[in-house]
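**Student:** Generate coordinates for the sequence data below:
(chains A and B)
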Number of protein chains: 2
Amino acid sequence: MVESNSDEILRDAANVDVAFLVVGDPFGATTHTDLVLRARELGIPVRTVPNASIMSAIGATGLQLYNFGQTVSMVFFTDTWRPASFYDRIKENRDAGLHTLVLLDIKVKEQSLENLARGRKIFEPPRYMSAGTCARQMLEIEEEKGQGAYGPDSLAIGAARVGGKTEKFVAGTLRELCDADDALGPPLHSLVLLGRRTHELELEFTREFAINKENWDRVWKADYGRQQ
Amino acid sequence: MVESNSDEILRDAANVDVAFLVVGDPFGATTHTDLVLRARELGIPVRTVPNASIMSAIGATGLQLYNFGQTVSMVFFTDTWRPASFYDRIKENRDAGLHTLVLLDIKVKEQSLENLARGRKIFEPPRYMSAGTCARQMLEIEEEKGQGAYGPDSLAIGAARVGGKTEKFVAGTLRELCDADDALGPPLHSLVLLGRRTHELELEFTREFAINKENWDRVWKADYGRQQ
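**Tutor:** Model prediction:
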């Protein structure tokens, strides 16, 4: 709607107040930046109201927001399309010791190639990427690239339905998280890859969520907790 | 209150529901992480509700949240105390081409050294750091360190009262922002130092806020807009 029909949203906005509601913070996505720019061109005054967003709500993992680097996105891989631009960005974060929030693909109102080609407005059922799928795709790409941005023993936290009553966090190595979808439950999921610049308080908070607390402590003590 | 009196907050929480309201997102600060840990020790179930936070609301500058690195804090310098740990972190962000959100010092219920020594509960008037003070302190430290993390011609955006009805953004070089406090108006202020990995859409959005649009365009074209 907002990508293709911004003219319609703005059509009467010069004369009447138009409210546009979004999930999360309006400026989490460039889509909405663009809508504001179009309104400006038309001389329409705009006010925005900030909202809770996964970008800050992820602090509920107990990882300090100050220690997050850039956020990345993960899309569903296909046989022919495996975009891996997230990898270099994660590596930059990890080199600086920082956590990475990975936002996971959501496919709604997608058409199959066949239906698209035949112009049939038949849509596939919605698909939401799980933390397990994300962990598996991350490990696939590390195997291809081999630059050691992270590995099967890197610590991560899967987050489900953050901010909701059934919010759930599961902490483990990437290898452990590959099979943690049942523990996390239904969508929406996100994933945080930990950076090495961690604080003792973060360990104390996150180990509560660990699939295997002994393993979590062991890896943490071996590889994490470096203050820079 | 929450630092020193968490026992009091939690005292009856085993028997009755206790709500604790904070400004911004509850997990923006480690203070609240600590409160949750204490509740856990006491076996008290905790639910948290995410909220709008400057960490995501800063997207209203038009800078993409995906392109922010780690967030840093700036405290009021004194003659004898000029903590500059922010510098290395900004440099890490800048080396990766990323924006940096700088959160500015708030001094409330501070006692003068004399009143503190004499045990007099007399508090100084509250002080809120302005974007101008932040820009000046940043340039002082760059002058001392000389590592070129940024300079007087680096682009930045001062943000005032983000999310409020009188929200205001002023964009300029750090040198220009040193004198932009009148334009920004009353507290609270924040500052964003731009990274070089910028998008054309960010230029289009932010130049609206520029003190000097020609200068903003000139510096942007010379030094920014590198896609990595």
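**Student:** Run through the strands of chain A in chain order.
**Tutor:** Assigned by DSSP state E, the strands in chain A fall at A:72-74, A:100-104, A:106-107, A:127-128, A:155-160, A:168-173, A:189-193.
**Student:** Pull out the buried positions in stretch A:28-39.
**Tutor:** By 16 or more other C-beta atoms under 10 Å in any protein chain shown, the buried positions in stretch A:28-39 come out as A:28-30, A:32-37, A:39. Any C-beta I mention is one placed from the backbone N, CA and C, and that applies to glycine too.
**Student:** Show the contacting residues for the residue most central in space within chain A.
**Tutor:** In chain A, the C-alpha closest to the average C-alpha coordinate belongs to A:Leu103, at a distance of 1.2 Å (C-alpha atoms, centre = their mean). Counting by C-beta atoms under 8 Å, 6 or more residues apart in numbering or on different chains, A:Leu103 makes contact with A:54, A:71-74, A:190.
**Student:** Sort out which of the residues you listed are buried, if you could.
**Tutor:** Buried members of the contacts of A:Leu103, counted by 16+ other C-beta under 10 Å: A:54, A:71-72, A:74, A:190.
**Student:** how far away is the residue lying closest to A:Ile9 once chain neighbours are set aside from A:Arg40?
**Tutor:** Counting by C-beta to C-beta, 6 or more residues apart in numbering or on different chains, A:Ile9 lies nearest to A:Phe20, which is 6.1 Å off, once chain neighbours are set aside. To A:Arg40, A:Phe20 is 15 Å away according to C-beta to C-beta, to the nearest Å.
**Student:** Could you do A:His99 as well?
**Tutor:** Distance check for A:His99 against A:Arg40: by C-beta to C-beta, it reads 35 Å.
**Student:** Who has more neighbours out of these two?
**Tutor:** The neighbour count for A:His99 versus A:Arg40, taken as other C-beta atoms under 10 Å in any protein chain shown, is higher for A:His99 (28 against 14).
**Student:** That one pairs with what?
**Tutor:** Taking DSSP bridges, one finds A:Phe68 as the beta-bridge partners of A:His99.
**Student:** mind listing what the nearest residue to A:Leu65 once chain neighbours are set aside touches?
**Tutor:** If the residues on either side of it in the chain are set aside, A:Leu65 comes closest to A:Gly59, at 4.8 Å by C-beta to C-beta, 6+ apart. With contact set as C-beta under 8 Å, 6+ apart, A:Gly59 has these partners: A:65, B:25-28.
**Student:** for A:Asp217, what are its contacts?
**Tutor:** If a contact means C-beta under 8 Å, 6+ apart, then A:Asp217 has A:203, A:207 as its contacts.
**Student:** confidence score at it?
**Tutor:** Per-residue confidence (pLDDT) for A:Asp217: 96.
**Student:** pretty sure A:Leu98 is in contact with A:Gly195, am I right?
**Tutor:** Yes: the pair A:Leu98 and A:Gly195 passes the contact test of C-beta atoms under 8 Å, sitting 4.1 Å apart.
**Student:** and A:Leu101, what does it touch?
**Tutor:** Each residue near A:Leu101 by C-beta under 8 Å, 6+ apart is listed here: A:54-55, A:58, A:68, A:71-72, A:190-192.
**Student:** Determine which two of these are furthest apart.
**Tutor:** A:Met55 and A:Leu191 (14.0 Å; C-beta to C-beta).
**Student:** Could you name every residue contacting both of A:Leu98 and A:Gly195?
**Tutor:** Taking C-beta under 8 Å, 6+ apart as the contact definition, A:Leu98 and A:Gly195 share the neighbouring residues A:67, A:69.
**Student:** List the buried residues in the least confident helix or strand in chain A by mean pLDDT.
**Tutor:** Using mean pLDDT, DSSP states H and E, helix A:6-10 stands out as the lowest-scoring helix or strand of chain A, at a mean of 85. Residues of helix A:6-10 classed as buried by neighbour count (16+ other C-beta under 10 Å): A:6, A:10.
**Student:** any residues touching stretch A:124-139, and which ones?
**Tutor:** Residues lying outside stretch A:124-139 but in contact with it, judged by C-beta under 8 Å, 6+ apart, are A:74-77, A:82, A:86, A:90, A:102, A:104-112, A:150-152, A:156, A:158-160, A:170, A:174-175, A:177-181, A:184, A:187-191, A:193.
**Student:** Would you mind listing which of those are buried?
**Tutor:** When neighbours are counted using 16+ other C-beta under 10 Å, these contain these buried positions: A:74-77, A:86, A:90, A:102, A:104, A:150, A:156, A:158-160, A:170, A:174-175, A:177-178, A:180-181, A:184, A:187-191, A:193.
**Student:** Between the buried ones among the contacts of A:Leu103, which sits nearest chain B?
**Tutor:** Distance ranking of those against chain B, using C-beta to the nearest C-beta, places A:Thr71 first at 5.2 Å.
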